[in-house]
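Novice: need coordinates for the below:
(one chain, ligands or ions: 1)
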Amino acid sequence: MSEPVEDRIQEEARLRHVLEIVDQQIEKYSQQLGLRKQEVQDIRKNFWDEVTVNMTNDTERLETMTSIQQEARLLAEREHSQGHSERLLRLLYRMEDSPYFGRVDFKESGLETESIYIGLTSLLEQDGETFLVYDWRAPVSSMFYDYSPGPAQYMTPQGEAIQGEMELKRQYVIRQGKLQNMFDTDLTIGDSLLQAALSQQSSEQMKSIVATIQKEQNRIIRNDHAKLLLVQGAAGSGKTSAALQRIAYLLYKYRGRLEPDQIVLFSPNPLFSNYVSNVLPELGEANMKQLTFQQILHERIGSGYEVESLYDQTEALYELDQEGSSLRKKMVAFKSSTLFFELLDTYIKHLSRQGIVFKPLRFKGRTVVSEQEMSGFFYSTDATLPMHKRLSLFKNWLHEQLKAFEQDERKKKWVGDAIELLDEETYNQAYRRLRKKGSYTDESFDDDKKLRAYLRTWVVKQKTAGLRRRIDALHVIDIDEIYVRLWTDYLPGMPGMPYAEDMVTDTVEHIRSKQIRYEDAAPYLYLKEAVLGFPSMNSGVKHLIVDEGQDYSPFQYAFFREMFPGSKMTVLGDLNQSIFHQSGVSHFYDQLPEWVGLQDAERLKLTKTYRSTKPIIEFSKCFLDTAEDIEPFERSGRKPVLVQAANEEQLMERLVRDAVQAQQNGLGTIGILCKTRSESLKLQQLLKDRLEVQLIDENTAKLPAGVLLMPAYMAKGIEFDSVFVYGATKRFFGPEEGKLLYTICTRAMHELRLYAADEVTALMERVPRSLYDLE
Ligand SMILES: Nc1ncnc2c1ncn2[C@@H]1O[C@H](COP(=O)(O)OP(=O)(O)OP(=O)(O)O)[C@@H](O)[C@H]1O
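Specialist: Reported below is the predicted structural model:
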């Protein structure tokens, strides 16, 4: 739709005025930032001058600590406001480039029409009252995303619906302060702007989408009441984007009450974490906390164990022979099932009455407290008390036992011998301590006796320090053995349990050799923490967001519940991308509320896909059994291409030639996706000296540009201008691996090519010939 010339002249004049105000603000905040930086520097420089350090006695020490804490708090506060000014300035510079992207003219019933301009952040006129630009997250801005011209409404923060008529909806393309284009639109958000955004090249970091958020995405972003929000969305439908803009929205709406570090985003791997880490700063907000499940496993299971990763598990499953892989698959499926989850929960309840395995406390080959005594005491405590209370009683009791043992021990000959061997300094120290206590006089007849008694206590205490630490850390409880007995004693015979000797033997062997398989890791840790107590250190987290939610098992969800009690939860996933063996739990979204202990879930669907061109989506959908909820955005492009080479050498030549060609065509990032890590390594060797490629694996921290080579699972959640599938063959993709091929193909934004030197995968038979080209 074209606009009258006067309209454009007026818009340009307004833009100039807004830019002037932006410049004034930049100047003001630059000065402010200068001052803040200076303040921070001064505090750092003079930190120790401002602190009174005196450690002569306990009172002084306490005062010193308080004064250090005060100064550190002041520094943190100033650093925080420096960070805030920096973010604000960065936003203003972005506003200098493009101060707003949308406008709605809204006539509230009974009032004058108001033009509402929408941008990254609010900007006020010099009078300090009139809004020149509204933040995209302001209540009034929601109409831009939710309505076409006609009747419209928005909700005030107090929950009042403001109704009226939207008389105009306009979008702007402003770059480097120049109005390049503007459109009036009848559509929710003009397709041409979205077309333009989606036609751009991929980048190494995800971008914000605020100018073109779609109505259904906006429902996810602005939903602030659901305790549990479940989003099923097709590949490329904007789940991650919606999650990130949602975080920005929440930080805006609850400013002062919600801090970025009270929001946790679970991402699949560090590469993905880095990929999304720029969106919040681009929107002028500090980043949320990002965690991966692997990180949690490493931190909590402890250093004495070798914990397999999800990716190693996946590789192992691909590489095992028929027999081995069928056992392993059976184990993975069972250990990720809701049945196992329920059985483990009953086992944990059972442990509150019997079955905890203890390790004796031993000293110099003698038993201080036996496992039977421990069990006897533990199970004599009130079974109705919560576990942590019983454990605390148990620890106290153990300390008492140890004390009694120490008393007897002091009389032993070895203690006397050890005293003889003490050096002079230790004697002197003991002497000084006793004098300080006033129990040593230099004159008394039994002073020497006192010194020796003191030293006997000291020597024994030194030697039993390790035992005390074991008691405090509850290392007297044998979690490994408790997990083993679950398998050997508890599970066999349980109704519904697909009991298999080989599954038990394999599990037990691995646990005993301290190698924790990925499928055991979450159940093992869940059991461990259920027995020893879940540390509730994350209770400050108010929002938990789980991306690629379909890839987590019931145990992992139960974990989230325990780790982040009281937090709201958003889970975004796509069942069609359940490519790991542990995913694919049936009725996933129906069961999830129970796993996380949150009922009344709100469920939303995203069906429109934005990443890939229409031909790529039409093609990729064919690999799925259920694809009715996938609707491509109308963006044209070339049909996917299947390259059938006569042999591997010819395939290499084609691949190299096509990669070079794609780059010449301006496709900056090409993802060559293989099924496994070992295949990527092999291909890397084959391409050596022919094509510059970068291998991406689970240790890669940052996505580079160029030609990238990686196993398929590493590409989850990210995208490339062009995707080359290396090995669309029978060998790599069996008939049941449609989801994997779908996931791989939907990483492509503009171009998709599949290569095969031997027999093409049978999955291709599902694709109508009209949907792809052959080369
Ligand atoms: N409203 C939008 N405006 C502009 N671009 C969008 C919009 N929604 C999504 N996109 C783009 O589409 C691509 C896919 O988005 P995103 O990664 O958020 O989807 P996803 O559902 O998480 O995908 P997947 O499940 O495949 O990981 C990104 O490039 C994103 O910028």
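
Novice: near the ligand, which residues of the stretch 51-200 of the chain?
Specialist: Among all residues of the stretch 51-200 of the chain, those adjacent to the ligand (criterion: C-beta under 6 Å from any ligand atom) are 194, 197, 198. The C-beta positions use only the backbone N, C-alpha and C, and glycine is treated the same way.

Novice: from the residues you listed, which is closest to the ligand?
Specialist: When these are ranked by distance to the ligand (C-beta to the nearest ligand atom), residue 197 comes first, at 4.3 Å.

Novice: can you tell me the SS state at residue 504?
Specialist: Classification of residue 504 using DSSP: H, G, I helix; E, B strand; the rest coil returns helix.

Novice: next helix or strand past the host helix or strand of residue 297?
Specialist: When elements are defined using DSSP states H and E, residue 297 is found to belong to helix 293-301. The C-terminal neighbour of helix 293-301 among helices and strands, as given by DSSP H and E, is strand 306-307.

Novice: and the following helix or strand past that next one, what's buried?
Specialist: With elements assigned by DSSP H and E, the helix or strand that comes after strand 306-307 is helix 310-319. When neighbours are counted by 16 or more other C-beta atoms under 10 Å, the buried residues of helix 310-319 are found to be 310, 311, 313, 314, 315, 316, 317.

Novice: pLDDT on helix 310-319, on average?
Specialist: On average, the pLDDT along helix 310-319 is 87.

Novice: return the list of helices and strands in contact with that helix.
Specialist: Helix 310-319 makes packing contacts with helix 322-335, helix 518-532, helix 677-687 when contacts are defined by 3 or more C-beta pairs under 8 Å, 6 or more residues apart in numbering; DSSP states H and E.

Novice: let me have the ones you listed in JSON lines, extended by distance to residue 46, mean pLDDT and mean neighbour count.
Specialist: Converted to JSON lines, the helices and strands packed on helix 310-319 look like this (distance: least, C-beta to C-beta, whole Å; pLDDT from 0 to 100; neighbours: other C-beta atoms under 10 Å):
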{"stretch": "helix 322-335", "distance to residue 46": "57", "mean pLDDT": "79", "mean neighbour count": "15"}
{"stretch": "helix 518-532", "distance to residue 46": "45", "mean pLDDT": "92", "mean neighbour count": "22"}
{"stretch": "helix 677-687", "distance to residue 46": "53", "mean pLDDT": "92", "mean neighbour count": "17"}
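
Novice: of all those helices, which one comes closest to the ligand?
Specialist: If you check each of the helices and strands packed on helix 310-319 against the ligand by C-beta to the nearest ligand atom, helix 677-687 wins as the nearest, at 20.1 Å.

Novice: any low-confidence regions in the protein?
Specialist: 1-4, 50, 56, 186-190, 321-325, 439-446, 499, 535-539, 582-585 (pLDDT under 70).

Novice: and the angle from the helix holding residue 297 to helix 518-532?
Specialist: Angle of helix 293-301 versus helix 518-532, following axes from the mean of the first three to the mean of the last three C-alpha atoms, to 10 degrees, is 40 degrees.

Novice: contacts for helix 293-301, please.
Specialist: 266, 269, 307, 309-310, 516, 521-522, 524-525, 528-529, 552, 556, 559, 563 (C-beta atoms under 8 Å, 6 or more residues apart in numbering).

Novice: give the buried residues for it.
Specialist: Taking 16+ other C-beta under 10 Å as the basis for neighbour counts, the residues of helix 293-301 that come out buried are 293, 294, 296, 297, 300, 301.

Novice: looking at the stretch 1-150 of the chain, what residue ends up closest to the ligand?
Specialist: Scanning the stretch 1-150 of the chain for proximity to the ligand using C-beta to the nearest ligand atom identifies residue 145 as nearest, at 9.3 Å.

Novice: and the helices in the stretch 551-700 of the chain?
Specialist: 554-563, 588-596, 614-621, 648-664, 677-687 (DSSP state H, counting those that start in this stretch).

Novice: related to what we said a few turns ago, export the helices and strands packed on helix 310-319 to CSV and append columns for distance to the ligand.
Specialist: Listed next are the helices and strands packed on helix 310-319 as CSV, based on distance: least, C-beta to the nearest ligand atom, whole Å:
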stretch, distance to the ligand
helix 322-335, 22
helix 518-532, 21
helix 677-687, 20
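
Novice: ok, which of these comes nearest residue 102?
Specialist: helix 677-687 (43.2 Å; C-beta to C-beta).

Novice: packing partners for that closest one?
Specialist: Counting contacts by 3+ C-beta pairs under 8 Å, 6+ apart, helix 677-687 packs against helix 310-319, helix 648-664, strand 669-674, strand 694-695, strand 706-711.

Novice: just put those in JSON lines and tack on distance to residue 240.
Specialist: Rendered in JSON lines, the data for the helices and strands packed on helix 677-687 read as follows (distance: least, C-beta to C-beta, whole Å):
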{"stretch": "helix 310-319", "distance to residue 240": "18"}
{"stretch": "helix 648-664", "distance to residue 240": "25"}
{"stretch": "strand 669-674", "distance to residue 240": "17"}
{"stretch": "strand 694-695", "distance to residue 240": "23"}
{"stretch": "strand 706-711", "distance to residue 240": "18"}
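
Novice: tell me which of those sits most buried.
Specialist: The densest packing among the helices and strands packed on helix 677-687, expressed as mean neighbour count by mean count of other C-beta atoms under 10 Å, is seen in strand 669-674 with a mean of 26.

Novice: is the ligand within reach of that strand?
Specialist: No: for strand 669-674, no contact with the ligand is found by C-beta under 6 Å from any ligand atom; the gap never falls below 11.9 Å.

Novice: sorry, back to before: any idea how far residue 114 is from the residue of the stretch 1-150 of the chain closest to the ligand?
Specialist: Counting by C-beta to C-beta, to the nearest Å, the gap between residue 145 and residue 114 amounts to 18 Å.

Novice: the two: which has the busier surroundings?
Specialist: Counted by other C-beta atoms under 10 Å, residue 145 and residue 114 do not tie: residue 145 has more neighbours, with 23 against 14.

Novice: many thanks, have a good one.
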